[in-house]
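Undergrad: quick one, structure for this:
(one chain, ligands or ions: 3)
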Amino acid sequence: MTAAPPVPLRVALLGCGTVGSAVLRLIEDQADDLTARIGRPVEVVGIAVRRPAHHPDVPQHLLTTDAAALVARDDVDLVVEVIGGIEPARSLMYAAFASGKSVVSANKALLAEDGPALHAAAAEAGVDLYYEAAVAGAIPLLRPLRESLAGDQLRRVVGIVNGTTNYILSRMAETGAGFAEALAEATELGYAEADPTADVDGFDAAAKAAILASLAFHTPVSSADVYREGISAVSATDVARAAEIGCTVKLLAICERVPNGAGTDTVAVRVHPAMIPTTHPLAAVGGAFNAVFVEAEAAGQLMFYGQGAGGEPTASAVLGDLVAVARNRVAGASGQGPTGYADLAIRPMAETPTRYHVSLDVADRPGVLAAVAQEFARQDVSISTVRQTGRGDAATLVIVTHSAPDAALSATIAALRDMPAVRGVTSVLRVEGLS
Ligand SMILES: NC(=O)c1ccc[n+]([C@@H]2O[C@H](COP(=O)([O-])OP(=O)(O)OC[C@H]3O[C@@H](n4cnc5c(N)ncnc54)[C@H](O)[C@@H]3O)[C@@H](O)[C@H]2O)c1
Ligand SMILES: N[C@@H](CCO)C(=O)O
Ligand code: NA
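TA: Numbers count the residues shown, from 1 in each chain. Ligands and ions are numbered 1, 2, ... in the order given. The predicted model follows:
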């Protein structure tokens, strides 16, 4: 007598765009290996999309426009959410948990907005919510933070976590490509979000920073807690000024656990463009690649590097999670979600120490440099270096400050803009990693 074939684990795929179509392909291509690794075959039993006519290559009988009905089906065991955005993804996840189904997602926007409530719902239902693909695409990062580093104390996580903006900034620096041209290329390559302002204006990186800070510091951090500036104001002048001082411009996500004046730890999370020295390891991260530095008390410095966007790399992370939740399901278990026990206060950007690089066009006459320096002194901002190049009755002053509270630096810039001797503030960028 031959044994009955193992019962497949039945998957509902929600969304079949850049990521979803790659997930579907990998599940088909690797069917035998997945069966061996999980102990049961994986079978996609339905695919929810908005416009079925746009998916001629997908088995047509699997397609539906009714994602809610698909999630509710009795013959669905696991749900993969790669629609993106807040709704209907959020309602679909809650519906999945309510019917005892684990969810794998790539949705950083939703996890950064509603992570604690979603995790609570998954825990109550005894199912999993995994989302490795949501931060830094293919790079294994969330599981190392949640599991491998669970015994250490993390102080700082800093990285390049948005492929689209890194692609744009790399192209601007390397080839002098215009902003619009570089964005069009990133969209064509499948890196950009459905609405690319999420990338360009830093919302995508801010969501990822919130997720990273939550896991790193065991404290709830949402997108709204993250200070955010995108790259739309980064100009060719900024890129050229950076090169003059041996720096390059990157959009950084910086998550820090820092004591306040009273000695109590707080969390500061920010996303903004910054000049970093070309010798800094993050400066060499080009194209759509991502890299994340983690500083832990016992482990020291760790660096994670790899492809942060694109269909196949992201699908790799989705499939890793799918194998994990499928194994849990086979074992009748669920994985540990994040802990928010530390519950640390968020430190406002105004109080966060930063350094600025400022470039000014000024009248070239006696007393102007002193007057400019006076504005920095008025806000108690110390100057590290000043460089002046003259041209006729005008001059360019390039100033790099020491570190000071961000509010003092931005107040200084506002005052400089009002000075009659300052003809223009031509470049202002924060500087990170300069000695
Ligand atoms: N593209 C990347 O490089 C990348 C990387 C990491 C994470 N992500 C995340 O993965 C998710 C998907 O991204 P993408 O690039 O594949 O997007 P996409 O726009 O290419 O695909 C979205 C899919 O969802 C479907 N969809 C939209 N609304 C729907 C609805 N109401 N019901 C059913 N289907 C619906 C669309 O038809 C499409 O098939 C997002 O959360 C994104 O942030 C993307
Ligand atoms: N739009 C995102 C996709 C990866 O999350 C990026 O460019 O990094
Ligand atoms: Na990842």
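
Undergrad: what helix or strand is the closest residue to ligand 3 within the stretch 251-400 of the chain on?
TA: The minimum distance from the stretch 251-400 of the chain to ligand 3, using CB to the ion, falls at Ala317 (4.7 Å). For the C-beta atoms, the positions are set from N, CA and C on the backbone; glycine is no exception. Using DSSP states H and E, Ala317 falls within helix 311-331.

Undergrad: ok, and what's touching the helix or strand just after that helix?
TA: Following helix 311-331 in sequence order, the next helix or strand is strand 345-346 (DSSP H and E). If you take CB atoms under 8 Å, 6 or more residues apart in numbering as the criterion, strand 345-346 is touched by Val221, Asp225, Asn260, Thr264, Thr266, Val267, Ala268, Val269.

Undergrad: does the fifth one have any beta-bridge partners, and if so which?
TA: Translated: Thr266. Beta bridges link Thr266 to Val258, Ala345 when assigned by DSSP bridges.

Undergrad: that one - how many residues pack around it?
TA: The number of residues packed near Thr266 is 20, by other CB atoms under 10 Å.

Undergrad: ok, Ser382 touching Val400?
TA: No - under the criterion of CB atoms under 8 Å, Ser382 makes no contact with Val400, lying 10.6 Å away.

Undergrad: with neighbour numbers in mind, choose between these two.
TA: Per other CB under 10 Å, whichever of Ser382 and Val400 has more neighbours is Val400, with 18 against 11.

Undergrad: in what helix or strand does that one lie?
TA: Using DSSP H and E, Val400 falls in strand 394-401.

Undergrad: what's the first helix or strand after that strand?
TA: strand 404-405.

Undergrad: need the contact partners of the helix or strand that comes right after that following strand.
TA: From strand 404-405 onward toward the C-terminus, using DSSP H and E, the following helix or strand is helix 406-418. Helix 406-418 has contacts (CB under 8 Å, 6+ apart) with 349-356, 358, 360, 372, 375-376, 378-381, 401, 422, 425, 428.

Undergrad: which of those residues fall in strands?
TA: Cross-referencing the contacts of helix 406-418 against strands under DSSP state E gives Pro353, Thr354, Arg355, Tyr356, Val358, Leu360, Thr401, Val422, Val425, Val428.

Undergrad: returning to what we had before: buried among the contacts of strand 345-346? Make that a ChimeraX selection.
TA: Restricted to buried positions by 16 or more other CB atoms under 10 Å, the ChimeraX selection for these reads:
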select :221,225,266,267,268,269
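
Undergrad: which one of the contacts of strand 345-346 sits closest to Val161?
TA: Val269 (11.8 Å; CB to CB).

Undergrad: which element is the closest one on?
TA: strand 265-277.

Undergrad: and Ala206, how far from Val271?
TA: Ala206 sits at a distance of 5 Å from Val271 (criterion: CB to CB, to the nearest Å).

Undergrad: tell me the SS of the residue nearest to Pro144 when sequence neighbours are not counted?
TA: Counting by CB to CB, 6 or more residues apart in numbering, Pro144 lies nearest to Phe304, which is 7.3 Å off, once chain neighbours are set aside. Following DSSP: H, G, I helix; E, B strand; the rest coil, the label given to Phe304 is strand.

Undergrad: ok, whichever residue of the chain sits closest to ligand 1 - how many residues close by?
TA: Residue of the chain nearest ligand 1, by CB to the nearest ligand atom: Gly17 (1.9 Å). Gly17 has 17 neighbours, counted by other CB under 10 Å.
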